[in-house]
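# Structure of the sequence below:
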Amino acid sequence: VQLVESGGGLVQPGGSLRLSCAASGFTFSWYRMSWYRQAPGKERELVAAISSGGGSTNYADSVKGRFTISRDNAKNTVYLQMNSLKSEDTAVYYCNAAALYSSDTYWGQGTQVTVSS
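Modelled structure (predicted):
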């Protein structure tokens, strides 16, 4: 099982980034996918989640209206489009897969997002 995040980097406030998480080794369409983030000295928090079929999403209040989660089950990939980035969005962003029919859950290695001028 692998979850490989990409797309992180340094961006100025107000800018945009698109994170990708490529999955392999499990039946992607059977899993709810989420993005979490962890800033230095803080607990990991849920940013956004999407249902297995992509028809339902939810977001942390802090990112509503700025971030969009999506998935492509044909490509086994989940995305996080991040717009209007703020310094407080700086964190390591992690991809998570949670099984619908068991307690299996998988994590990616994380990708750093830094919002700074």
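# When you work out contacts or count neighbours from here on, use the C-alpha atoms and nothing else.
OK.
# Helix or strand: which one has the residue nearest to the spatial centre of the chain?
The residue lying closest to the centre of the chain (CA atoms, centre = their mean) is residue 35, at 2.7 Å. Using DSSP states H and E, residue 35 sits in strand 31-38.
# what's that strand in contact with?
By CA atoms under 8 Å, 6 or more residues apart in numbering, the residues outside strand 31-38 that reach it are 44-52, 78, 80, 91-100.
# mind running it again at 7 Å?
The contact list for strand 31-38 (CA atoms under 7 Å, 6 or more residues apart in numbering) reads 44-52, 91-100.
# And the residue nearest to the centre of the chain, how far from residue 117?
24 Å (CA to CA, to the nearest Å).
# again, but for residue 36
In terms of CA to CA, residue 36 sits 24 Å off from residue 117.
# So between those two, which is more surrounded?
residue 36 (19 against 9; other CA atoms under 10 Å).
# Which strand residues bridge the more buried one?
Going by DSSP bridges, residue 36 is paired in beta bridges with residue 46, residue 94.
# Kindly state the pLDDT recorded for it?
Residue 36 carries a pLDDT value of 98.
# 809 is where my numbering starts, stick with that
With 809 as the first residue, the last one maps to residue 844.
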